[in-house]
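Asks: Any chance you can model this:
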Amino acid sequence: MRESFKMKKTCLKKKDNLWILFNGVEYVIGLTKEAQDDLGKITFASVPKVGQTFAQGDTLVELEAEKAVNEYLSPLTGVVSSVNEKIDKDVDVLNDEDELNAWMISLKNVDVAQFDAL
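Replies: Model prediction:
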């Protein structure tokens, strides 16, 4: 079995319909199954660029879907280290049944205490 993106589940938390996974290197953020169900089919996503800095509580991602338009706030303070490039090619990846495939961005330079407090 070949996997293009392999994550080691070191620590997983959920906050405000987002999941946050610390994989030992960076903090990966994605959409929970509950959020997917609430939104319906996602048709558009506005995600940040690599290198952008966010404070906890800043608007991180905006999603448009058949049932709603939602902004999701950053659960952590950090710098965007990677973005799921599949979103640009096909936003439908955010509708995937497997939550881990619905990852949006990764953050680095995060305060561990802030993550632990989630």
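
Asks: could you point out which element follows the helix or strand of the chain with the lowest mean pLDDT?
Replies: When the helices and strands of the chain are scored by mean pLDDT, DSSP states H and E, strand 11-15 comes last with a mean of 89. Sequence-wise, the next helix or strand beyond strand 11-15 is strand 18-22, with elements assigned using DSSP states H and E.

Asks: quick one: buried residues of stretch 73-89?
Replies: Applying a neighbour-count criterion of 16 or more other C-beta atoms under 10 Å, the buried positions in stretch 73-89 are 74-81, 83-84, 86-87. Every residue, glycine included, has its C-beta placed from N, CA and C.

Asks: What is the distance between that stretch and the centre of its chain?
Replies: 6 Å (C-alpha atoms, centre = their mean, to the nearest Å).

Asks: Only alpha carbons, please: show stretch 73-86 as CSV.
Replies: Listed in CSV are the C-alpha atoms of stretch 73-86, where the atom choice follows Å, rounded to 0.1, in the frame of the first residue of the first chain:
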residue,chain,number,x,y,z
LEU,A,73,-10.8,30.2,13.5
SER,A,74,-7.3,29.2,14.1
PRO,A,75,-7.2,26.9,17.2
LEU,A,76,-3.5,27.7,17.6
THR,A,77,-0.9,30.5,17.1
GLY,A,78,1.7,29.6,14.5
VAL,A,79,3.1,29.8,10.9
VAL,A,80,1.5,27.9,8.0
SER,A,81,4.1,25.3,7.0
SER,A,82,2.1,23.4,4.4
VAL,A,83,-1.3,23.5,2.7
ASN,A,84,-3.2,20.5,1.2
GLU,A,85,-2.5,21.2,-2.5
LYS,A,86,-5.3,18.8,-3.5
